[in-house]
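my questions concern the predicted model and sequence given below.
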Amino acid sequence: MSKYVLIGSEGCGSAVVELAMREAGAEFELEEIPYLEPGPDRDRLLELNPLGQVPTLIMPNGSVMTESAAIIFHLADAFPDARFVPSSSDPQRPAFLRWLLYINSEIYPTTTFADDPRRWKISETKSQMYKDTIDQYRVELWGHVEEVADDRYFLGERLSAIYFYIAVMRHWRPGKDAFAKALPKLTAIADNVSRLPQFEGILKRNFPEA
Ligand SMILES: N[C@@H](CCC(=O)N[C@@H](CS)C(=O)NCC(=O)O)C(=O)O
């Protein structure tokens, strides 16, 4: 079987999939590209994923998967020993599904809306206020995840894919320090994940400034 090819970019949501791949023990090659920059890499990405987003995953059979949450579910099916998605008989599964999808469909898109205000025809004079408002909303959204967390764990002691999102996205705007100030329990969870030997290198490479 040939390898997965993960198309990603430093510090992006592809890091979430990298963590999941690593935990699953999946063989993969990482192709890091400047995904927003016009050029041959972006042209190819757009052919594979019409939204031009990373992560984009080329499967060993050549088919393409996008959407980090879908990729996580696929990896959980393909590598059942990985156990970062609670099984259908696990009482934590409904809450896991709720919060994984919440992070993915409520929090993640706020980056697309705030990354480049010009894309949404926001005038130069309003763009900072627009960005700040969305960034503040993002922290507010994380606040509801924080309410469910306990001091060191989220939905029980077992590592789940939700930990991967927290460990990556805490670095995004408004930044790691603001995240830590507003969200101490999620920060403790992210710190623990970042210290695990299987993830440390991936997180350091994606967030060298951290
Ligand atoms: N729903 C997608 C979102 C992926 C996404 O938004 N990735 C960002 C990089 S971290 C991106 O490609 N943004 C560019 C864009 O949305 O145009 C997923 O979960 O994989």
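Arrived safely, thanks for sending.

distance check, Ala161 against the ligand.
Distance from Ala161 to the ligand, counting by C-beta to the nearest ligand atom, to the nearest Å: 12 Å. Quick note: C-beta positions are derived from backbone N, CA and C, even for glycine.

what of Pro197?
From Pro197 to the ligand the distance is 25 Å (C-beta to the nearest ligand atom).

next, count neighbours for that residue.
Using other C-beta atoms under 10 Å, the number of residues around Pro197 comes to 6.

repeat that for the one 10 residues further on.
Other residues near Phe207 number 18, with proximity taken as other C-beta under 10 Å.

so it touches His171, yeah?
Yes: contact between Phe207 and His171 holds when scored by C-beta atoms under 8 Å: they sit 4.9 Å apart.

residues contacting Lys121?
By C-beta atoms under 8 Å, 6 or more residues apart in numbering, the contact list for Lys121 is empty.

okay, buried residues for the longest helix anywhere in the chain please.
Determined from DSSP state H, the single longest helix within the chain is helix 124-148. Residues 131, 134-135, 138-139, 142, 145-146 are the ones in helix 124-148 that count as buried (16 or more other C-beta atoms under 10 Å).

swap in stretch 39-55?
Result for stretch 39-55 [16+ other C-beta under 10 Å]: buried residues 41, 45, 49, 53-55.

show me which of those residues is closest to Ser105.
Checking the buried residues of stretch 39-55 against Ser105 with C-beta to C-beta, the nearest one is Gln53 at 13.9 Å.

the closest one against Tyr35, yeah?
Yes: taking contacts as C-beta under 8 Å, Gln53 lies within contact range of Tyr35: 7.3 Å.

how far is stretch 18-36 from where the chain is centred?
How far stretch 18-36 lies from its chain's middle: 12 Å, per C-alpha atoms, centre = their mean, to the nearest Å.

start to end distance for that stretch?
This stretch, stretch 18-36, spans 20 Å end to end (C-alpha to C-alpha, to the nearest Å).

now pLDDT and distance to the ligand too, for the buried residues of helix 124-148, in JSON lines please.
Output for the buried residues of helix 124-148, formatted as JSON lines (pLDDT from 0 to 100; distance: C-beta to the nearest ligand atom, whole Å):
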{"residue": "Lys131", "pLDDT": "96", "distance to the ligand": "15"}
{"residue": "Ile134", "pLDDT": "97", "distance to the ligand": "13"}
{"residue": "Asp135", "pLDDT": "96", "distance to the ligand": "15"}
{"residue": "Arg138", "pLDDT": "98", "distance to the ligand": "13"}
{"residue": "Val139", "pLDDT": "98", "distance to the ligand": "18"}
{"residue": "Trp142", "pLDDT": "98", "distance to the ligand": "16"}
{"residue": "Val145", "pLDDT": "98", "distance to the ligand": "16"}
{"residue": "Glu146", "pLDDT": "98", "distance to the ligand": "21"}
